[in-house]
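Next one to model:
(one chain, ligands or ions: 1)
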Amino acid sequence: MTRISFYFVTLHHLAKLHYMDKMTKEQRHKCMSAIKSRDTKPELIVRKYLFRLGFRYRLNHSRLPGHPDIVLRKYRTVVFVNGCFWHGHEGCNLYSMPKTNTEFWKNKIQRNIQRDREERLKLASMGWHSITIWECQLKPAHRAQTLASLVFTLSQTFLSINKPKKEYRLNDPDIQIAAEKENPYSSGNV
Ligand SMILES: [Zn+2]
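Modelled structure (predicted):
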């Protein structure tokens, strides 16, 4: 290694170390959790829940915009499990700007928000429904409600994409039979 490149590498390394050092404990923690972005705990909670209820899915579909965490083809739906800080969950207390390098983080998160928006639009134009679940919505206090509404939304989507083609009219034989049936509880002695 020439002396010049040695100095360059060392300087680069030192600058990086200095930067890491200037990060607060909280920033470092967030940085580290971003590195382990696959199979993070919140995503696992959603996957396990859906699997237990019999939903089948694909993971991190690389050919779809945004590489959604969970892809439910039968429901034409993708699910993103988003970290509140990295994806800028508005009004959420997990999304608070670090006190140092604030501009840097602000720009970075804004770019993520913009990218997320564009990817959702692309997915919609391809006929995919997108559901976003935020990390804070999976905290124990809100988890059950979040998961229940996820399943509700999936069922609604399934019904809407599998609507029967036939339009039933009032004089359809099936409906007439049903209407003529007497209600045993309406005419007895009360
Ligand atoms: Zn949040």
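
can you list the residues of this structure near the ion?
Contacts of the chain with the ion, taken as C-beta under 5 Å from the ion, map to 84, 89, 92, 94, 134, 136. C-betas here are computed from N, CA, C, even on glycine.

need the residues you listed in CSV with pLDDT, distance to V46 and secondary structure, can you?
As requested, these are exported to CSV (pLDDT from 0 to 100; distance: C-beta to C-beta, whole Å; DSSP: H, G, I helix; E, B strand; the rest coil):
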residue, pLDDT, distance to V46, secondary structure
C84, 96, 15, coil
H89, 96, 16, coil
C92, 95, 18, coil
L94, 90, 17, coil
W134, 97, 11, strand
C136, 96, 14, helix
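
Pick out the most distant pair among the residues you listed.
L94 and W134 (8.3 Å; C-beta to C-beta).

Return every residue with contacts to both of those two.
C84 (C-beta atoms under 8 Å, 6 or more residues apart in numbering).

more neighbours, these two?
W134 (20 against 13; other C-beta atoms under 10 Å).

all strands of the protein, in order?
58-59, 70-72, 77-82, 129-134 (DSSP state E).

if you compare the ones you listed, which one is most tucked away?
By mean neighbour count, with neighbours taken as mean count of other C-beta atoms under 10 Å, strand 77-82 ranks first of these at a mean of 23.

Low-confidence regions, this protein specifically.
Scanning the chain for pLDDT under 70 picks out 1-40, 165-190.

Which parts of this protein are helices?
3-22, 25-35, 41-52, 102-125, 140-161, 173-180 (DSSP state H).

Residues in contact with the third one: which ones?
Applying C-beta under 8 Å, 6+ apart, the set of residues contacting helix 41-52 from outside is 57, 59, 69-70, 72, 79, 81, 83, 133, 135, 138, 143, 147, 150-151.

Over to the fourth one?
Contacts made with helix 102-125 from outside it, assessed by C-beta under 8 Å, 6+ apart, are listed as 27, 64-66, 68, 78, 80, 82, 85-88, 95, 97-98, 130.

Would you mind writing the CA trace of it as PDB?
Taking C-alpha atoms only, helix 102-125 is exported to PDB below (Å, rounded to 0.1, in the frame of the first residue of the first chain):
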ATOM      1  CA  THR A 102     -30.900  16.900  13.000                       C
ATOM      2  CA  GLU A 103     -30.800  18.100   9.400                       C
ATOM      3  CA  PHE A 104     -29.100  15.000   8.200                       C
ATOM      4  CA  TRP A 105     -31.700  12.700   9.800                       C
ATOM      5  CA  LYS A 106     -34.600  14.900   8.700                       C
ATOM      6  CA  ASN A 107     -33.600  14.800   5.100                       C
ATOM      7  CA  LYS A 108     -33.000  11.100   5.200                       C
ATOM      8  CA  ILE A 109     -36.400  10.300   6.700                       C
ATOM      9  CA  GLN A 110     -38.100  12.700   4.300                       C
ATOM     10  CA  ARG A 111     -36.500  10.800   1.400                       C
ATOM     11  CA  ASN A 112     -37.800   7.500   2.900                       C
ATOM     12  CA  ILE A 113     -41.300   8.900   3.300                       C
ATOM     13  CA  GLN A 114     -41.200  10.100  -0.400                       C
ATOM     14  CA  ARG A 115     -39.900   6.700  -1.600                       C
ATOM     15  CA  ASP A 116     -42.600   4.800   0.400                       C
ATOM     16  CA  ARG A 117     -45.300   7.000  -1.200                       C
ATOM     17  CA  GLU A 118     -44.000   6.300  -4.700                       C
ATOM     18  CA  GLU A 119     -43.800   2.600  -4.100                       C
ATOM     19  CA  ARG A 120     -47.400   2.400  -2.900                       C
ATOM     20  CA  LEU A 121     -48.500   4.300  -6.000                       C
ATOM     21  CA  LYS A 122     -46.700   1.900  -8.200                       C
ATOM     22  CA  LEU A 123     -48.100  -1.100  -6.400                       C
ATOM     23  CA  ALA A 124     -51.600   0.400  -6.700                       C
ATOM     24  CA  SER A 125     -51.200   0.900 -10.400                       C
END
